[in-house]
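K.L.:
my questions concern the predicted model and sequence given below.
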Amino acid sequence: MLWLRRSRLLSDSPSLQAKAKWLVLGLGNPGDKYASTRHNAGAWALEEISRELSVALRLRPRDEMVTAEADYVGSLVVLCFPQTFMNESGRVLAPLRKKYGSFDGSNIIVIHDELDLDAGVVRVKSGGGLAGHNGLKSIAAHFGSNDFQRIRIGIGHPGDRNKVLNWVLSPPPKEEAELIRLGAKVAKDAALSLIAQGVEKTMGEFNVRQA
């Protein structure tokens, strides 16, 4: 992934800042080494959202994040790909709170890879357990609650828990990668649906279909 260096990074328009706020976090690991790995499925989805909303993701090295702002259905939508490693994803919440104020858990959407779903399958979840996902654990720890929205992109399971680390940190083969990329596009639609239509309608639509 290539990110634009900071230059007039985010709008400080009072009218935009005063709107309802949504935070969309796409999880993964930073750097070219990890860009094509299964663990970066959430970051792939964030790129899809930025393209859909015609905004450029820009690097904020001091705050260890890549971000963009968009005005969507009357709301300020903040997109963020943490540039910490996965298990420290929640560290971005402090600088984001400093800039935007508090986010309610109902207005935080975390997009992440999911071992327990087949490659490319997308499911929406509101709150609940963290399923051992280190990125979710970090966000919950820094947020102080598990009560935020999740969009899970299936990456499949290697069949042996001892192989999971290598599995998530490896690029999938071509056919599987195409399925996950399609899942990232579905996750983009699900995120925009959460913002526009709310949790119940989005879950009703996206939790009954394949990617």
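P.N.:
Received the coordinates, thanks. Numbering: from 1, shown residues only.

K.L.:
bridging residues for the residue nearest in space to the middle of the chain?
P.N.:
By Cα atoms, centre = their mean, the mean C-alpha position of the chain lies nearest to residue 26, the distance being 2.0 Å. When assigned by DSSP bridges, residue 26 has beta-bridge partners residue 111.

K.L.:
OK, contacts around it?
P.N.:
Each residue near residue 26 by Cβ atoms under 8 Å, 6 or more residues apart in numbering is listed here: 42-47, 49, 79-81, 111. Bear in mind the C-beta positions are built from the backbone N, C-alpha and C, glycine included.

K.L.:
could you report the separation of it from residue 36?
P.N.:
Distance of residue 26 to residue 36, computed by Cβ to Cβ, to the nearest Å: 15 Å.

K.L.:
list the residues that contact the residue nearest to residue 187 when sequence neighbours are not counted.
P.N.:
Distance criterion Cβ to Cβ, 6 or more residues apart in numbering; nearest residue to residue 187, sequence neighbours excluded, is residue 45 at 3.9 Å. Taking Cβ under 8 Å, 6+ apart, we find residue 45 in contact with 26, 111, 151, 153, 183-185, 187-188, 191.

K.L.:
ok, 10 Å please
P.N.:
Residue 45 makes contact with 24, 26-28, 81, 109, 111-113, 122, 151, 153, 180-181, 183-191, according to Cβ atoms under 10 Å, 6 or more residues apart in numbering.

K.L.:
mind pulling up the pLDDT for the residue nearest to the centre of the chain?
P.N.:
Note on residue 26: pLDDT of 98.

K.L.:
that older thread, out of the contacts of residue 26, who has the most neighbours?
P.N.:
Among the contacts of residue 26, the one with the most neighbours (other Cβ atoms under 10 Å) is residue 45, at 33 neighbours.

K.L.:
that residue belongs to a strand?
P.N.:
No. Applying DSSP: H, G, I helix; E, B strand; the rest coil, one finds residue 45 to be helix, outside a strand.

K.L.:
quick check: the residue nearest to residue 187 vs residue 94, distance?
P.N.:
23 Å.

K.L.:
follow-up on the earlier one: reformat the contacts of residue 26 as TSV; add pLDDT and distance to residue 160.
P.N.:
TSV is the format used below for these (pLDDT from 0 to 100; distance: Cβ to Cβ, whole Å):
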residue	pLDDT	distance to residue 160
42	98	24
43	98	26
44	98	25
45	98	27
46	98	30
47	97	31
49	98	33
79	97	35
80	97	33
81	98	30
111	98	26
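
K.L.:
nearest to residue 159, of those residues?
P.N.:
Taking Cβ to Cβ as the measure, residue 42 is the one of the contacts of residue 26 closest to residue 159, at 22.7 Å.
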